[in-house]
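>>> coords please:
(one chain, ligands or ions: 1)
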Amino acid sequence: MLPTIEWRSDAVVMIDQRKLPVSEVYVFCKTAQQVATAIKTMVIRGAPAIGVAAAMGIALGMRRSKATGTKQFATEFQKICDLMAATRPTAVNLFWAIERMKKTFADAAQGGCSVDEITQRLEDEARRIHDGDVQSCRAMGAHGATLVPDTARILTHCNAGALATAGYGTALGVIRAAVEQGKTIAVLAGETRPFLQGARLTAWELVKDGIDTTVITDNMAGSMMRLGDVDLVVVGADRIAANGDVANKIGTYGVAVLAKEHGIPFYVAAPLSTIDLNTPDGSRIPIEERHDREVTHVGPNRLTPEGARIRNPAFDVTPSKYVTAIITERGIARAPYEESLAALMMSGQRAAGSGQPAAGSRQPAVGSGRPAGGRQQ
Ligand code: MRU
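Numbering: from 1, shown residues only. I've put the predicted structure just below:
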């Protein structure tokens, strides 16, 4: 896979996702402001990738700082964190990554580190966030593949692939892992109007990997399900509330309702950095509204008449009752999600980063493989 994002000591390099699949162009961000603009304008997108970009943008910004004293350095650091936090509101991974950078800064400053030492620690932390995301995706893939039959036609929406993460992907990680295990997988990629992440990015990634891929327009999903052409759905997430409600790309909700109607499992694959236990339910998740132009135009071509009002919410919320299971790097959570998600998050704290639940810990509705009896909706 081409790397989604790379750290160089003088730049953060990203593949320009606005231009795919027509051209493979790399953007070299030399300042924190350029990284923030890249996130806002969707050069890089996808919840985990946004978090990684913000962390690298902060590290880059501090590396370029001319501050000599820690006080001025701390003021600049806060400004850059605020700049990153103002880019996109929905994906909680962004705020999770900023918090990690803030903790790194605070620990280093409290430990009496110099400006140079703090800079180095911020770079190290940004790299750890990047590398940890790839590892999480691989672990999610291994857990998620246990839910995939030996032969499966899988519908996905938006792009939750290598491009949306530091590599491998969440939903596409599950698909990749199933393929690596020798399963016969055919993917239906919903085009994902208006930004076309499914048609442009998911299809591009999967075709590059030689995985059987069919692109459908978003309004075909229901019919495909009714015709029996979909065995399961797997999507990513931008934020998962404590009760299991899932914010993901606009259109996900419709797919989930259709899946339930047709008795098709609807899985969400997301790292723990996407789970926000401070948000009790989906109604509290901020939903980004993006520019009208994404809806009114395709490239330079106008589709809609002047004068028509436009709505462009970038995400929707799928209530947890439609979610068959949530696949994380630490295992698979099932309803009741208040308990299973909290248990997954707690198990990490107890196991002190081992990635495994502490022995004997109570784990409601959490498993690491195929559920007993293969519960379906
Ligand atoms: O607006 P985007 O392209 O950033 O939205 C991306 C999605 O909704 C993805 O499904 C989600 O971030 C999960 S990515 C692993």
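>>> Could you count how many residues lie near whatever residue of the stretch 151-300 of the chain ends up closest to the ligand?
Residue nearest to the ligand within the stretch 151-300 of the chain (Cβ to the nearest ligand atom): Gly236, separated by 2.7 Å. C-beta coordinates here come from the backbone N, C-alpha and C atoms, glycine included. Residue crowding around Gly236 was assessed by other Cβ atoms under 10 Å; the count is 32.
>>> The one 5 residues further on now?
When counting by other Cβ under 10 Å, one arrives at 26 neighbours for Ala241.
>>> Can you name the residues that contact the residue of the stretch 151-300 of the chain closest to the ligand?
46-47, 158, 160, 164, 169-171, 248-249, 268-270 (Cβ atoms under 8 Å, 6 or more residues apart in numbering).
>>> swap in Ala335?
Taking Cβ under 8 Å, 6+ apart, one finds Gly244, Ser320, Lys321, Val323, Ala365 in contact with Ala335.
>>> okay, it: pLDDT?
Ala335 is assigned a pLDDT of 98 by the prediction.
>>> Kindly report the same for Gly348.
For Gly348, the model assigns a pLDDT of 73.
>>> same deal with the one 4 residues further on?
For Ala352, the model assigns a pLDDT of 43.
>>> Then Ala365?
pLDDT, Ala365: 67.
>>> For the remainder of this discussion, apply numbering that starts at 54.
With 54 as the first residue, the last one maps to Ala418.
>>> Selecting buried members of the contacts of Gly289 in ChimeraX, what would you type?
Selection of buried members from the contacts of Gly289 for ChimeraX, criterion 16 or more other Cβ atoms under 10 Å:
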select :99,100,211,213,217,222,223,224,301,302,321,322,323
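>>> just to revisit the earlier point, now the residue of the stretch 204-353 of the chain closest to the ligand, what are its backbone angles?
The phi and psi values for Gly289, taken as degrees, to the nearest 10, are phi -90, psi -170.
>>> any weak-confidence spans in the stretch 254-403 of the chain?
Within the stretch 254-403 of the chain, the ranges that satisfy pLDDT under 70 run 403.
>>> again, only using 90
Along the stretch 254-403 of the chain, the model assigns pLDDT under 90 to residues 352, 400-403.
>>> Might you enumerate the residues of it proximal to the ligand?
Gly289, Ala290, Asp291, Asn301, Lys302, Ala367 (Cβ under 6 Å from any ligand atom).
>>> need those in a markdown table with secondary structure, can you?
Output for those, formatted as a markdown table (DSSP: H, G, I helix; E, B strand; the rest coil):
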| residue | secondary structure |
| --- | --- |
| Gly289 | coil |
| Ala290 | coil |
| Asp291 | coil |
| Asn301 | strand |
| Lys302 | strand |
| Ala367 | coil |
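>>> What number of residues are in the vicinity of the residue nearest to Glu244 when sequence neighbours are not counted?
Of all residues not flanking Glu244 in the chain, Ala252 sits nearest, at 3.9 Å (Cβ to Cβ, 6 or more residues apart in numbering). A count of nearby residues for Ala252, using other Cβ under 10 Å, gives 20.
>>> One more: Val308?
28.
>>> and the helix or strand that it is a member of, which residues are buried?
Element membership for Val308, per DSSP states H and E: helix 305-314. Neighbour-count burial for helix 305-314 flags Thr305, Tyr306, Gly307, Val308, Ala309, Val310, Leu311, Ala312, Lys313 (criterion: 16+ other Cβ under 10 Å).
>>> who touches the second one in this structure?
Under the criterion of Cβ under 8 Å, 6+ apart, the contact partners of Tyr306 comprise Asp369, Val370, Thr371, Tyr375.
>>> out of these, which one sits closest to the ligand?
Nearest member of those to the ligand, counting by Cβ to the nearest ligand atom, is Asp369, at 9.6 Å.
>>> Leaving out sequence neighbours, find the closest residue to the closest one.
Nearest non-adjacent residue to Asp369 (Cβ to Cβ, 6+ apart): Tyr306, at 4.3 Å.
>>> what does the helix or strand just after the helix holding Val308 rub up against?
For helix 305-314, the following helix or strand on the C-terminal side (DSSP H and E) is strand 319-322. Under the contact criterion Cβ under 8 Å, 6+ apart, strand 319-322 has outside partners 193, 197, 200, 213, 223-224, 226-227, 285-290, 293, 299, 301, 308-309, 312-313, 371, 375-381, 430.
>>> Sheet partners, orientation included, of the helix or strand following strand 319-322?
Moving toward the C-terminus from strand 319-322, the next helix or strand (DSSP H and E) is strand 328-329. The strands that strand 328-329 pairs with in its sheet are strand 292-294 (parallel) (by DSSP bridges).
>>> List the buried residues of the helix ranked longest in the chain.
Ranked by residue count, the top helix of the chain under DSSP state H comes out as helix 168-198. Neighbour counts over helix 168-198 (16+ other Cβ under 10 Å) mark 168, 171-176, 178-179, 182-183, 185-187, 189-198 as buried.
>>> Assess the claim that the residue nearest to Glu244 and Ala242 are in contact.
Yes: at 6.9 Å, Ala252 counts as touching Ala242 under the criterion of Cβ atoms under 8 Å.
>>> Determine the residues that are contacts of both of these two.
By Cβ under 8 Å, 6+ apart, the residues touching both Ala252 and Ala242 are Val268.
>>> For this protein, which segments are assigned as helices?
85-93, 100-116, 123-138, 145-163, 168-198, 224-233, 256-261, 274-279, 305-314, 346-349, 390-403.
>>> For these, which has the smallest mean pLDDT value?
What stands lowest among the helices of the chain, in mean pLDDT terms, is helix 390-403, with a mean of 90.
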